[in-house]
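Q: here is the input, now give the coordinates:
(chains A, B, C and D)
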2 protein chains.
Amino acid sequence: MRIAELSRHSGTSIPSIKFYLRERLLTAGTATGRNQAEYGDGHLYRLRLIRALIDVGGLTVAAARDVLAAVDTPELPPHFLLGAAHGALNRPRRRDADDPSWRSARDEVVALVRARGWHVDDDCPDFDHAADAVAAFRALGQDDLLECMETYADAAELVAAREVDTVIARGEPARMVEGVVTGTILGEAVLNALRRLAQQDASARRLVDTGDLA
Amino acid sequence: MRIAELSRHSGTSIPSIKFYLRERLLTAGTATGRNQAEYGDGHLYRLRLIRALIDVGGLTVAAARDVLAAVDTPELPPHFLLGAAHGALNRPRRRDADDPSWRSARDEVVALVRARGWHVDDDCPDFDHAADAVAAFRALGQDDLLECMETYADAAELVAAREVDTVIARGEPARMVEGVVTGTILGEAVLNALRRLAQQDASARRLVDTGDLA
DNA sequence: GTTAGTGGATAGCGCCGCTATCCGCGCGGA
DNA sequence: TCCGCGCGGATAGCGGCGCTATCCACTAAC
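A: From the prediction side, this is the model:
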């Protein structure tokens, strides 16, 4: 397959493909001459993965590169790949770690995780992200919404258990690796969309003055 | 309060505040002279809300403006505000609606929502976002991860019910409006972070070869 | 009266994700 | 055999976004 065909099958413009090659998200095709190369199904799959990470998952090109680099490390056990995938999802830090209200928000999240017996590395950046949001709730005087935290944790436990089981059921390490990345990033998009749909429903049930929902 | 003080209390630079004024995310202070104005606690709160939406929620400035405009529409019932908040969260469309695999992914999501009896407007853009992700799973040959869909829906129902109940418990419409916006946007950030933490735990329990987690 | 600071306007910057253009070469059809 | 399209590779540029810098006339505070 040459680049034009790759472009047609993937729905990605040739300049974009060249861009991804330059940025090392995509490996070069196997050269068949001085200025001719052949691309395979692997390239097509990879391109679809890139577009999914960027378009659906909302990753930046740099983040996608990090995720893909982790995917390409064959000896990386799936559990550590998960950490790599999460690491690449991190948007730059927002809050100042010296802000005492932020620190207490973070401590609160750590306490919640500890209370549930989750075994997570203490300096995992996800704590910081959760703390950003918790601190924002507090700063905006929306403390009562933090009553939902345990429910969030319940929901998180529920979906994480299911996802990890599904991925592990694959058995084959290479496919587990793919599953970790796609499940983490695309699963987030699905969950967020379903949550918003469920909110619409819950809100309609409670707030819309009507008897004829049928 | 003058602008310097507003800047200090909010941790936002004066040029940024001026930028938000220009972009109409923030209303002008009450003028006390030809080139002097006074800002109140409302401005400080608003600025904190802006930063939370942009930094924590990941909204663009334009999306934040739309959300804030909805918040400022006093007669808007909370249920419709929810729609407005969701609308502002929409990233630009990705998939072509003519793509049959995308259409079938969307139909699948609609069927799931129908089966659960959720009452949601059929052309809600959240369907499209979910469809994007589902279609991506399929395109990447990760169909087995779609077995998690029901679990995602369970989790979504769980958290949405709790969130909506919490907001409704406030009673006062103005505070409900605040709760809808912050709950939707910041809650998403919390849920996503907790899900990733839970994934780390689930993955560690099943994949890490160790007996001494203590 | 001096000076730091103000609101307001305009222009510019830095990053990001592409996109356009050019180049010398090879492949494929007549 | 020759021609012309397409190739790969490289470099430069573009458009949008979220600020940021500068300038201005003015004024409150010392």
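Q: list the buried residues of the helix or strand hosting A:Leu82.
A: Secondary-structure element containing A:Leu82, defined by DSSP states H and E: helix A:78-89. For helix A:78-89, the buried set under the neighbour-count rule, 16 or more other CB atoms under 10 Å in any protein chain shown, comprises A:78-86, A:88-89. Every residue, glycine included, has its C-beta placed from N, CA and C.
Q: now A:Ala37, nearest residue through space, not along the chain?
A: Among residues not flanking A:Ala37 along the chain, A:Gly29 sits closest, at 3.5 Å (CB to CB, 6 or more residues apart in numbering or on different chains).
Q: ok, A:Gly40 touching A:Glu5?
A: No. The pair A:Gly40 / A:Glu5 is not scored as a contact, 11.1 Å apart, by CB atoms under 8 Å.
Q: how about the residues of chain A by DNA strand D?
A: A:2-5, A:14, A:18, A:22, A:28-29, A:31, A:35-37, A:39 (CB under 7 Å from any atom of the strand).
Q: which one of the residues you listed is nearest DNA strand C?
A: Of all those, DNA strand C sits closest to A:Asn35, with 4.0 Å by CB to the nearest atom of the strand.
Q: count the residues that sit near that closest one.
A: 6 (other CB atoms under 10 Å in any protein chain shown).
Q: that one and chain B: what is the separation?
A: As judged by CB to the nearest CB, to the nearest Å, A:Asn35 and chain B stand 31 Å apart.
Q: can you check A:Glu188 too?
A: 6 Å.
Q: what comes up buried for the strand or helix carrying A:Asp201?
A: For A:Asp201, the host element (DSSP H and E) is helix A:173-207. Buried residues in helix A:173-207, counting neighbours by 16+ other CB under 10 Å, are found at A:176-204, A:207.
Q: quick one: mean pLDDT for it?
A: If you average the pLDDT over helix A:173-207, you get 93.
Q: what about it, near DNA strand C?
A: No. Using CB under 7 Å from any atom of the strand, helix A:173-207 never reaches DNA strand C; the gap is at least 14.3 Å.
Q: the strands in chain A, which residues?
A: Counting by DSSP state E, chain A has strands at residues A:30-33, A:36-38.
Q: which stretch in these has the least confidence?
A: strand A:30-33 (a mean of 90).
Q: and the helix or strand of chain A with the lowest mean pLDDT with helix A:173-207, angle?
A: Lowest on mean pLDDT, DSSP states H and E among the helices and strands of chain A sits helix A:78-89, with a mean of 79. Calculated by axes from the mean of the first three to the mean of the last three CA atoms, to 10 degrees, helix A:78-89 forms an angle of 60 degrees with helix A:173-207.
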